[in-house]
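[1] No sequence on hand, only this structure:
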Ligand code: MOS
């Protein structure tokens with residue numbers, strides 16, 4: 001616990017650190033509830049078809065089992081569909097489980113076993129047998145990417161960049177060009193905390209829902225819509241969240257099932273997904289891309305054509321910001337983007353940390369490296385030669401952009417100028433040594449948010465806002481903002497978040513929470529300071545409320561983004577195909593840093609994840625069964641301590657009062673961006689081998 005007066009920018013340790021490490025912090029699966037019923041989901045084992053019969057007799061016979069719910073559930077109770085709103089199943093809300101015999105993907109929840117104990121429910125769930133009418137399925141993107149179609153709907157961010165000039169004609173005549181295909185496997189969110197819900201059924205039918213998610217108000221809104229409830233019937237809390245990287249942006253089926261169970265039994269119900277079940281909902285989609293770059297002999301980009309085909313489900317179009325970065329990162333007069341979807345018999349994909357950018361920046365930043373080599377130019381010099389002083393899309397000024405300074409600082413720290421441009425030029429022992437670099441870019445957004453701050457007569461301060469803390473340090477940063485604004489010791493600030501009874505806050509997503517909620521807290525504190533000054537000596541309790549309403553016209557005049565430059569060293573054992581990332585330097589410009597410690601941790605985590613994206617993470621699909629097969633942390637590989645060596649994070653100072661009154665932009669997503677491309681470029685520099693498929697496992701590197 002940190003003590004005393006703190007300033008903006010200081011590395012303040014987490015205010016809830018002690019609660020988290022001692023176990024007194026209670027997560028959604030740990031909320032105490034009287035006479036609690038445990039629900040365990042049964043998942044479909046076929047990729048496509050219909051349920052002909054479900055045999056639940058054995059499951060029902062297990063001691064402690066209360067009921068087995070599925071679409072053909074026979075009892076006096078109404079059909080399960082009765083619990084849901086009659087509106088559409090998909091598109092704006094998650095699929096309603098258990099209401100029909102249709103199976104859209106392997107892993108779809110098709111039954112819920114309710115029992116007095118978790119052990120009984122889990123055992124009984126394994127005894128449910130299902131007869132299916134199995135239909136032919138398709139789960140293979142790489143061999144069918146040419147069958148992709150345009151998404152039904154795109155917004156300004158998910159749409160390809162507006163075409164400029166004549167990219168195809170310019171590419172045809174470009175004296176130097178690169179034309180390459182790229183692939184990225186399915187990746188899954190694997191936060192430490194499993195998705196879980198504890199639903200308390202109150203007298204009168206009101207529901208108190210403890211759920212792991214990234215937004216109390218947004219989750220409640222969607223639940224109310226799915227069930228056709230007034231929002232007031234639900235109190236939603238996401239008190240502590242053990243990581244969520246997009247998987248908590250919308251309610252997952254654990255909470256839908258827990259509510260169905262609670263309504264059905266009129267009791268308190270908990271549903272916790274197993275690690276294996278964490279692979280039965282959204283994922284980062286598998287994606288095929290083709291990148292064409294043309295340049296004149298001085299390295300000026302003259303053509304850029306970025307095509308992408310991502311996978312989606314049969315029931316929903318999932319779109320993300322894949323190609324937009326090709327329109328914003330570099331100056332290029334002839335540009336064309338194309339973004340398509342291939343519907344497959346898989347669960348609908350889901351936003352996953354830097355959705356779209358993590359996939360879309362990879363081909364751009366690897367192709368830039370290839371182009372630099374073809375031109376005989378240094379990769380960093382090529383980027384500087386095409387640096388965008390104004391945002392190329394829409395020709396707007398940036399609200400702030402210190403990417404040039406990121407390149408300079410990162411290169412200096414890394415020692416980039418000592419790089420021998422020749423690939424396969426350095427060997428130490430059994431390993432080839434290579435250096436690579438790449439750029440990163442992410443959006444800087446602000447969303448509507450409210451906060452109330454109460455300054456008590458005894459000096460204690462309560463900060464209230466329904467913000468989320470998905471593990472990023474929101475509570476700490478909000479306490480720091482209030483403590484520094486009011487000039488009170490941080491231990492006197494008590495932050496209350498994650499509860500729909502508190503002032504409205506947006507989801508914690510897209511690296512926008514500090515700029516949004518932090519600004520609301522800062523605004524309320526500013527009002528309090530003025531009130532206090534007017535009163536002179538203070539004897540009474542003061543209270544202020546602040547509502548951040550982003551000025552879209554004003555902010556829309558600027559391109560708002562965060563940037564990074566990533567430099568790395570790899571060592572490749574060619575005989576084994578193994579890659580060690582021995583050094584990474586990331587220089588990031590993401591607005592004013594509120595907390596040097598938590599911000600650095602975000603970027604460090606991002607780099608580690610980037611190493612995972614580059615070398616480890618891959619959900620393999622068994623196409624014969626239409627099923628994910630690497631569905632646990634033994635088979636789905638993430639970096640471990642032995643994979644992580646020297647990491648260094650540098651922040652380039654920025655202060656952006658267009659994005660937020662605090663000057664902050666956002667630090668969540670930027671950390672991972674550019675890392676996989678820098679590693680691919682370093683592998684090439686080490687070995688002369690270009691790997692354009694993620695993850696870059698030994699079989700591809702050898
Ligand atoms: Mo963001 S996709 O909520 O990590």
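    That came in fine, so what should we check first? In this text, all values refer to a predicted model and were calculated from it rather than measured experimentally.
[2] Please count neighbours and contacts with C-alpha atoms only from this point.
    Fine.
[3] which bits of the protein sit near the ligand?
    For the chain, the residues in contact with the ligand (CA under 6 Å from any ligand atom) are 245-246, 351-355, 509-510.
[4] would you list these in TSV and tack on pLDDT, secondary structure and neighbour count?
    Conversion of these to TSV gives the following (pLDDT from 0 to 100; DSSP: H, G, I helix; E, B strand; the rest coil; neighbours: other CA atoms under 10 Å):
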residue	pLDDT	secondary structure	neighbour count
245	94	coil	25
246	95	coil	22
351	95	coil	24
352	97	coil	25
353	97	coil	24
354	98	coil	26
355	97	coil	21
509	95	coil	23
510	96	coil	23
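[5] Can you report phi and psi for residue 516?
    Here is the backbone geometry of residue 516 (degrees, to the nearest 10): phi -90, psi -70.
[6] any idea how far it lies from residue 450?
    According to CA to CA, to the nearest Å, residue 516 stands 9 Å off from residue 450.
[7] Now do the shared contacts for the two.
    Contact criterion CA atoms under 8 Å, 6 or more residues apart in numbering; residues bridging residue 516 and residue 450 by contacting each: residue 548.
[8] more neighbours, those two?
    Neighbour totals were compared for residue 516 and residue 450, and residue 516 leads with 32 against 27 (other CA atoms under 10 Å).
[9] For that one, give its distance to residue 182.
    36 Å.
[10] again with residue 339
    14 Å.
[11] These two: who's more crowded?
    Of the pair residue 339 and residue 182, residue 339 is the one with more neighbours under other CA under 10 Å, namely 25 against 21.
[12] which residues touch that one?
    150-151, 159-160, 307-310, 322-323.
[13] Not counting sequence-adjacent ones, nearest residue to it?
    Closest residue in space to residue 339, ignoring its immediate chain neighbours: residue 308 at 4.9 Å, by CA to CA, 6 or more residues apart in numbering.
[14] Ignoring the adjacent residues along the chain, who's closest to whichever residue of the stretch 301-450 of the chain sits closest to the ligand?
    Scanning the stretch 301-450 of the chain for the residue nearest the ligand gives residue 353, at 3.5 Å (criterion: CA to the nearest ligand atom). Nearest non-adjacent residue to residue 353, counting by CA to CA, 6+ apart: residue 245, 5.0 Å away.
[15] May I have the residues that are in contact with that neighbour?
    189, 191, 351-353, 509.
[16] what does residue 296 give?
    Counting by CA under 8 Å, 6+ apart, residue 296 has contacts 174-176, 302.
[17] Name the member of the residues you listed with the most neighbours.
    In those, the most neighbours by other CA under 10 Å go to residue 302, 24 neighbours.
[18] For residue 96, see how far away it is.
    Where residue 96 is concerned, residue 302 sits at a distance of 49 Å (CA to CA).
[19] One more: residue 549?
    Taking CA to CA, one finds residue 549 at 33 Å from residue 96.
[20] quick revisit: can you tell me how far the residue nearest to residue 353 is from residue 658?
    Taking CA to CA, one finds residue 245 at 26 Å from residue 658.
[21] Likewise for residue 545?
    Applying CA to CA to residue 545 and residue 658 gives a distance of 22 Å.
[22] higher neighbour count, those two?
    residue 658 (23 against 19).
[23] can you list contacts of stretch 254-265?
    With CA under 8 Å, 6+ apart, stretch 254-265 has contacts from 39, 41, 77, 80, 83, 96-97, 112, 114, 195-201, 205, 211, 223, 267-273.
[24] which of those count as buried?
    39, 41, 80, 83, 96-97, 112, 114, 195-201, 211, 223, 267-273 (16 or more other CA atoms under 10 Å).
[25] quick one: which of the residues you listed sit in strands?
    Counting by DSSP state E, those place 39, 41, 112, 114, 196-201, 211, 269-272 in strands.
[26] Kindly indicate which of the residues you listed lies nearest residue 280.
    residue 41 (10.9 Å; CA to CA).
[27] dump the residue contacts of that closest one.
    109-113, 125, 257, 271, 273.
[28] Report the two of the ones in strands among the buried ones among the contacts of stretch 254-265 separated the most.
    Maximum distance among those (CA to CA): 19.6 Å, for 41 and 201.
[29] Quick check: bridge partners of the closest residue to residue 266 other than its chain neighbours?
    Counting by CA to CA, 6+ apart, residue 266 lies nearest to residue 201, which is 6.2 Å off, once chain neighbours are set aside. For residue 201, the residues forming beta bridges with it (DSSP bridges) are residue 207.
[30] how close does residue 201 sit to residue 214?
    Where residue 214 is concerned, residue 201 sits at a distance of 22 Å (CA to CA).
[31] show me the contacts for residue 520.
    So residue 520 contacts 449-451, 546-548 (CA under 8 Å, 6+ apart).
[32] which of the residues you listed are buried?
    449-451, 546-548.
[33] Checking the nearest residue to residue 379 once chain neighbours are set aside next. Helix, strand or coil?
    Excluding its sequence neighbours, the residue lying closest to residue 379 (CA to CA, 6+ apart) is residue 372, at 5.1 Å. The three-state assignment at residue 372 reads helix, by DSSP: H, G, I helix; E, B strand; the rest coil.
[34] Outline the domain layout of the chain.
    31-135+192-274, 143-187+283-444+557-701, 450-549 (automatic domain parsing).
[35] Just give the number of residues close to residue 553.
    8.
[36] so it sits in a strand?
    No. Using three-state DSSP, the assignment for residue 553 is helix, not a strand.
[37] Who are the contact partners of it?
    Residue 553 makes no contacts at all, as judged by CA under 8 Å, 6+ apart.
[38] what's the answer for residue 529, then?
    485-486.
[39] Report the buried residues of the host helix or strand of it.
    Applying DSSP states H and E as the criterion places residue 529 in helix 519-535. Residues of helix 519-535 classed as buried by neighbour count (16+ other CA under 10 Å): 519-529, 532.
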